[in-house]
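> Sequence and predicted structure below; questions after.
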Amino acid sequence: MTKSLLFTLCCLAAINVHAQRPYTPAAGSAERKAIMDVLRGPCEADLRQKVIFRVQHLRIVGPWALARVVPLRPNGSDIDYSKTKYRDELEEGAFDGEGDSWRLLEWRFGASDTEVPIWLEKYNAPESLNR
């Protein structure tokens, strides 16, 4: 079964995911680590530096996941966005898989999560991911 991820995240499954209960995997769990690892690659490539994540929201329903995370430097300090391609957005106030693997379908940087309802509809993902 393919698991999919929408980031502030998502694929259709052969099971009725709308009837399943959403949950948040525990910090330190293999499932949570697998999701963060999927996010880490594109995030590090985009910021051109190593990151860890502070998880603000993480919900799973069946093979679907929605995550809202804040990238941090490996020592836990804030990213200095003035040294990234996002320096203009910073100045403008914009910042306040196959089998059992995860696959990233959507992601973006920024303070707004207005895309989430659009992504949920686009991928026919359960709305309970965003609660």
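Looks like it came in fine.
> May I see the buried residues of the top helix by length along the chain?
Longest helix in the chain, counting residues (DSSP state H): helix 30-47. In terms of neighbour count (16 or more other Cβ atoms under 10 Å), helix 30-47 has its buried residues at 31, 32, 34, 35, 36, 38, 39, 40, 43, 46, 47. Just so you know, the C-beta spots here come from the backbone N, C-alpha and C atoms, and that holds for glycine as well.
> Endpoint to endpoint, stretch 53-67 covers what distance?
11 Å (Cα to Cα, to the nearest Å).
> for stretch 121-131, same thing?
Stretch 121-131: ends 15 Å apart by Cα to Cα.
> for the record, mean pLDDT for that stretch?
Mean per-residue pLDDT for stretch 121-131: 80.
> now do stretch 105-115
The average of the pLDDT scores along stretch 105-115 is 71.
> how long is that stretch from one end to the other?
End to end - Cα to Cα - stretch 105-115 spans 13 Å.
> Please enumerate the strands of the protein.
In the chain, the strands defined using DSSP state E lie at 3-7, 52-61, 64-72, 102-106.
> Farthest from the middle of this protein: give me that residue.
residue 91 (24.1 Å; Cα atoms, centre = their mean).
> which ones are touching that one?
By Cβ atoms under 8 Å, 6 or more residues apart in numbering, no residues touch residue 91.
> how close does it sit to residue 82?
Residue 91 sits 8 Å away from residue 82, going by Cβ to Cβ, to the nearest Å.
> Low-confidence regions, the chain specifically.
Where the chain drops to pLDDT under 70, the residues are 1-19, 92-104, 109-113.
> Among the strands of the chain, which comes closest to residue 130?
strand 64-72 (6.0 Å; Cβ to Cβ).
> quick check: angle from the closest one to strand 52-61?
170 degrees (axes from the mean of the first three to the mean of the last three Cα atoms, to 10 degrees).
> name the helices or strands packed onto strand 64-72?
Other helices and strands packing on strand 64-72, by 3 or more Cβ pairs under 8 Å, 6 or more residues apart in numbering; DSSP states H and E, are strand 3-7, helix 30-47, strand 52-61.
> change it to 6 Å
Applying 3 or more Cβ pairs under 6 Å, 6 or more residues apart in numbering; DSSP states H and E, one finds that strand 64-72 makes contact with strand 3-7, strand 52-61.
> Fine by me, we can end here.
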